[in-house]
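>>> with the sequence up front, the predicted model follows.
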Amino acid sequence: MTIDTVSRTHRRARGMSASLSGAALALLCALSAPLSARAADAVNSDRAGGADHPLLSRYEGSILYMFGDDPAATAQLVFEEKGKPVLRPVEGRIANRLYWGPKGRGPLEVFRNYRQALAAAGFQIMFACETAQCEKSRVQPLISDLPRKVSWAAWDVYVSGTFDSGSQPGFHYLSARKTVPGGTTYVQVGLVGSSANPPIAGRVRQFVQIIEPARIELGKVKVDAKAIQGGLARDGKIALYGVTFDTNKAVLRAESGTQLEEMASVLKATPALKVFIVGHTDNQGELQANTLLSQQRADAVVAALSGRYGIAPARLVARGVANLAPVSSNDAEEGRARNRRVEMVVR
């Protein structure tokens, strides 16, 4: 469901004013060159091909100046630690949006609409500040590089200079999170007030970033028979990410055939070798369900090795251990992806 960031209750709130610093004036000089056709048009139309993210609408009447998405990447957000703002990385599927607000609306009004909408949607505010507190805590310099470091459909000075060197007027910021199936969704909003330079004169610039859980697909690289033999000889086990399943299912994907063939080659080359086939999951879901799923996946691998490749069933024992033996932290998707695996273990 889309979060409506336009609160009728707050439409009459006044925007906060702030004087331009020397750095902001320098940016205005940089922007005083002839405008591109796109920039001149930006006050009237959205960027072609762009749209609001389904989770969070723009402030009513704003123009989508730029957008960009990344299916799996790391973003930096402000967290509060011991009463101070600090940048910390989070990873996931990232949506970046840069809006220019309607004339006549100040940054305080726009900011409080975003905050109200996120709170109403069940998000927990991690850190938030309005102009005076932001300046005291030096939050704008902390995040000033963020628009320069994320993925955009295109690039110009209006994107890179959103926060300039951390000195734009009327700065407000918030970061928020919400637990959702598969992990945590994060949102951060940083906005600055009006500039005297067209076409952004009188418009609140809004940097909005949404980071959703992203399931990273491993198994795109197989482990060949020689590497499997080496791992078994060295460690007594080897993780095989080329054996893959659909989410919450125990049916082998077709692309698992290449990895299964390499496993069978090792077993055929060493007839005395007996192994456990061990299924592992991440920590998402209940232990009982994960135990059953991991056992079913191990059973599916054993069935494939014996049925398709002629490996004697007596040489294979399937075991599912759910999320009891992680190889990485389950706090982030990258770690959960490493924990979802099938292992061969020497008996």
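Alright, I've got the coordinates. Just so you know, these numbers come straight off a predicted model, no measurement behind them.

>>> who touches residue 336 in this structure?
Applying Cβ atoms under 8 Å, 6 or more residues apart in numbering to residue 336 gives the contacts 282, 283, 284, 328, 330. No exception for glycine: its C-beta is placed from N, CA and C like everyone else's.

>>> do I have it right that the third one meets residue 182?
In this case it means residue 284. Yes - using Cβ atoms under 8 Å, residue 284 is in contact with residue 182, at 6.5 Å.

>>> look at these two and report which has more neighbours.
With neighbours defined as other Cβ atoms under 10 Å, residue 284 and residue 182 compare such that residue 284 has more, 20 against 16.

>>> next one: phi and psi at the more buried one?
According to degrees, to the nearest 10, the main-chain angles of residue 284 amount to phi -80, psi 130.

>>> that one and residue 293, how far apart?
11 Å (Cβ to Cβ, to the nearest Å).

>>> what's the closest non-adjacent residue to residue 73?
Among residues not flanking residue 73 along the chain, residue 94 sits closest, at 5.2 Å (Cβ to Cβ, 6 or more residues apart in numbering).

>>> that neighbour reaches residue 76, doesn't it?
No - Residue 94 lies out of contact with residue 76 (Cβ under 8 Å); the separation is 10.9 Å.

>>> out of those two, which sits in the more crowded spot?
residue 94 (22 against 18).

>>> identify the residues contacting the more buried one.
Per Cβ under 8 Å, 6+ apart, neighbours of residue 94: 69, 70, 73, 75, 150, 151, 209, 210, 211, 212.

>>> what helix or strand is the closest residue to residue 174 other than its chain neighbours on?
Counting by Cβ to Cβ, 6+ apart, residue 174 lies nearest to residue 128, which is 3.9 Å off, once chain neighbours are set aside. Using DSSP states H and E, residue 128 sits within strand 124-129.

>>> same question for that strand: list its buried residues.
126, 127, 128, 129 (16 or more other Cβ atoms under 10 Å).

>>> go on, stretch 84-98?
85, 90, 91, 92, 93, 94, 95, 96, 97, 98.

>>> stretch 291-306 too?
Per 16+ other Cβ under 10 Å, stretch 291-306 contains these buried residues: 291, 293-302, 304-306.

>>> again with stretch 237-244
Per 16+ other Cβ under 10 Å, stretch 237-244 contains these buried residues: 238, 239, 240, 241, 242, 243, 244.

>>> tell me which entries of these lie within strands.
Residues of those located in strands (DSSP state E): 238, 239, 240.

>>> bridging residues for the second one?
I take that to be residue 239. Under the criterion DSSP bridges, residue 239 forms beta bridges with residue 343.

>>> quick one: it and residue 342 touch, right?
Yes - counting by Cβ under 8 Å, residue 342 is a contact partner of residue 239 at 7.5 Å.

>>> strands of this structure, residue ranges please.
Using DSSP E, strands in the chain cover 63-81, 84-100, 124-129, 172-180, 183-192, 205-212, 237-240, 275-280, 316-320, 341-346.

>>> how far off strand 275-280 does the biggest helix by length in the chain point, in degrees?
Assignment by DSSP state H gives helix 287-307 as the longest helix of the chain. Interaxial angle, helix 287-307 versus strand 275-280 (axes from the mean of the first three to the mean of the last three Cα atoms, to 10 degrees): 140 degrees.

>>> helix 287-307 to strand 341-346, inter-axis angle?
60 degrees.

>>> mind checking how far helix 287-307 is from the chain centre?
Put simply, helix 287-307 sits 30 Å off its chain's centre (Cα atoms, centre = their mean, to the nearest Å).

>>> then it to PDB, C-alphas only?
Output of helix 287-307 as PDB, limited to C-alpha atoms (Å, rounded to 0.1, in the frame of the first residue of the first chain):
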ATOM      1  CA  LEU A 287      12.900 -23.700  13.500                       C
ATOM      2  CA  GLN A 288      10.400 -26.600  13.100                       C
ATOM      3  CA  ALA A 289       9.500 -25.500   9.500                       C
ATOM      4  CA  ASN A 290      13.200 -24.900   8.600                       C
ATOM      5  CA  THR A 291      14.100 -28.300   9.900                       C
ATOM      6  CA  LEU A 292      11.500 -30.000   7.800                       C
ATOM      7  CA  LEU A 293      12.500 -27.900   4.700                       C
ATOM      8  CA  SER A 294      16.200 -28.600   5.100                       C
ATOM      9  CA  GLN A 295      15.500 -32.300   5.500                       C
ATOM     10  CA  GLN A 296      13.300 -32.400   2.400                       C
ATOM     11  CA  ARG A 297      16.000 -30.600   0.400                       C
ATOM     12  CA  ALA A 298      18.700 -33.000   1.500                       C
ATOM     13  CA  ASP A 299      16.300 -35.900   0.500                       C
ATOM     14  CA  ALA A 300      15.800 -34.300  -2.900                       C
ATOM     15  CA  VAL A 301      19.600 -34.200  -3.500                       C
ATOM     16  CA  VAL A 302      20.000 -37.800  -2.400                       C
ATOM     17  CA  ALA A 303      17.100 -38.900  -4.700                       C
ATOM     18  CA  ALA A 304      18.700 -37.100  -7.600                       C
ATOM     19  CA  LEU A 305      22.200 -38.500  -7.100                       C
ATOM     20  CA  SER A 306      20.900 -42.100  -6.800                       C
ATOM     21  CA  GLY A 307      18.000 -41.800  -9.400                       C
END
